[in-house]
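A.B. asks: Predicted coordinates and the sequence they were generated for:
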Amino acid sequence: MNGVLVVRNPVAGRGRAQREWNGIRRGLDAAGVAFDEAVTARPLEAVEIAQKEAGNYACIVAAGGDGTVHEVANGLMRAGAQTALGVIPLGSGDDFAKLLSNDFIFSFLNRKTKTFDIGRIASGSDVRYFANGMDIGFGAHGARNVASVPAFLTGFGAYLGALALTLLRYPRLRVRLQLDDATPLDVTTSMTAVMNGSTFGGSFRVCPEARPDDGQLDVLIVNAIGRAAILGLVPKIMRGAHAGDPRLRLLRARRVTIESDAPLLVEADGEIAFDGARRLEIEVLPAALRVVS
């Protein structure tokens, strides 16, 4: 088993992946990085490709955004995760790539890997993995609203557009949270995020102390708050300066259970993982994913 397979999503980053690919290919060729290429044409195709090809390559590279990383990571986990994950960041937020070296060509030449934790979400018999993070509430609805943002808004602008749309209508969720073996918490929340990395949405440092290799998940619980309060929290969260704010809690756990009488929209790595879940069992799988870094 050797070589590199690049799984490329040409629509990632609202077209950025397609616009920049020829230059990236020239850079890889000039550096002597030999690779095969697979181009996706539909959602979840990268999961299938990574799962099928994991036994044939030493490294499978997600060339796209966090959604592409999410799909390739899910395929690798389904295949047993012996193959390393590489990343060429071509998305709007690229939150997972912020955990890696800034020079992806050097990373591939160097071929050094780190072991990262990965999150696992079970809703009944359905299972999804997340490399960076997941949430319910405001962030999940914002992830869904990105598709409605005008095409001329790219990068962080697309997330700001989604934020504006989500402020028009967002849920206040009554949920029961269980973290490890602690007493369950009955909370009404505007957003609850469970993170492996520290940021989502490109610039929102929701769990600034989170580390992808510490064997734990970081949890942000935001109380049910109004629009003005959310707008007041946004700059604090972008700076990672919200610890101690009385409107939220930052916690850590290895296992998190979320239960709700009402159906939940669930985002994972910027993608809608579940729509209508009522019970989520979330756990960290320590050192379960090899990553070219």
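C.D. replies: Nice, I can see it. Numbers count the residues shown, from 1 in each chain.
A.B. asks: Any chance you could list what contacts stretch 165-173?
C.D. replies: If you take C-beta atoms under 8 Å, 6 or more residues apart in numbering as the criterion, stretch 165-173 is touched by 136-138, 141-142, 145, 148-149, 188-190, 192, 224, 227, 230-231, 260, 262, 264-265. (Each C-beta comes from the backbone N, C-alpha and C, glycine too.)
A.B. asks: Output the contacting helices and strands for whichever strand or helix holds residue 218.
C.D. replies: Assignment of secondary structure by DSSP states H and E places residue 218 within strand 217-223. Strand 217-223 is packed against strand 185-195, strand 248-253, strand 271-292, with contacts defined by 3 or more C-beta pairs under 8 Å, 6 or more residues apart in numbering; DSSP states H and E.
A.B. asks: Put together JSON lines for the ones you listed, with mean neighbour count, mean pLDDT and distance to residue 176 on each row.
C.D. replies: Formatted as JSON lines, the helices and strands packed on strand 217-223 follow (neighbours: other C-beta atoms under 10 Å; pLDDT from 0 to 100; distance: least, C-beta to C-beta, whole Å):
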{"stretch": "strand 185-195", "mean neighbour count": "21", "mean pLDDT": "96", "distance to residue 176": "5"}
{"stretch": "strand 248-253", "mean neighbour count": "18", "mean pLDDT": "98", "distance to residue 176": "14"}
{"stretch": "strand 271-292", "mean neighbour count": "18", "mean pLDDT": "96", "distance to residue 176": "9"}
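A.B. asks: How far off centre is stretch 269-277?
C.D. replies: Stretch 269-277 has its C-alpha centroid displaced from the chain centroid by 11 Å (C-alpha atoms, centre = their mean, to the nearest Å).
A.B. asks: mind checking which helix or strand of the chain has the lowest mean pLDDT?
C.D. replies: None of the helices or strands of the chain scores lower by mean pLDDT, DSSP states H and E than helix 156-168, at a mean of 69.
A.B. asks: after that one comes which helix or strand?
C.D. replies: Past helix 156-168, the next helix or strand by DSSP H and E is strand 173-179.
A.B. asks: Pull out the buried positions in that following strand.
C.D. replies: 173, 175, 177-179 (16 or more other C-beta atoms under 10 Å).
A.B. asks: Which of those residues sits closest to residue 125?
C.D. replies: Taking C-beta to C-beta as the measure, residue 125 sits nearest to residue 178 out of the buried residues of strand 173-179, at 20.2 Å.
A.B. asks: Buried members of the contacts of stretch 165-173 into ChimeraX, please.
C.D. replies: Remark: buried members of the contacts of stretch 165-173, expressed as a ChimeraX selection using 16+ other C-beta under 10 Å:
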select :136,137,138,141,142,145,149,189,190,192,224,230,260,264,265
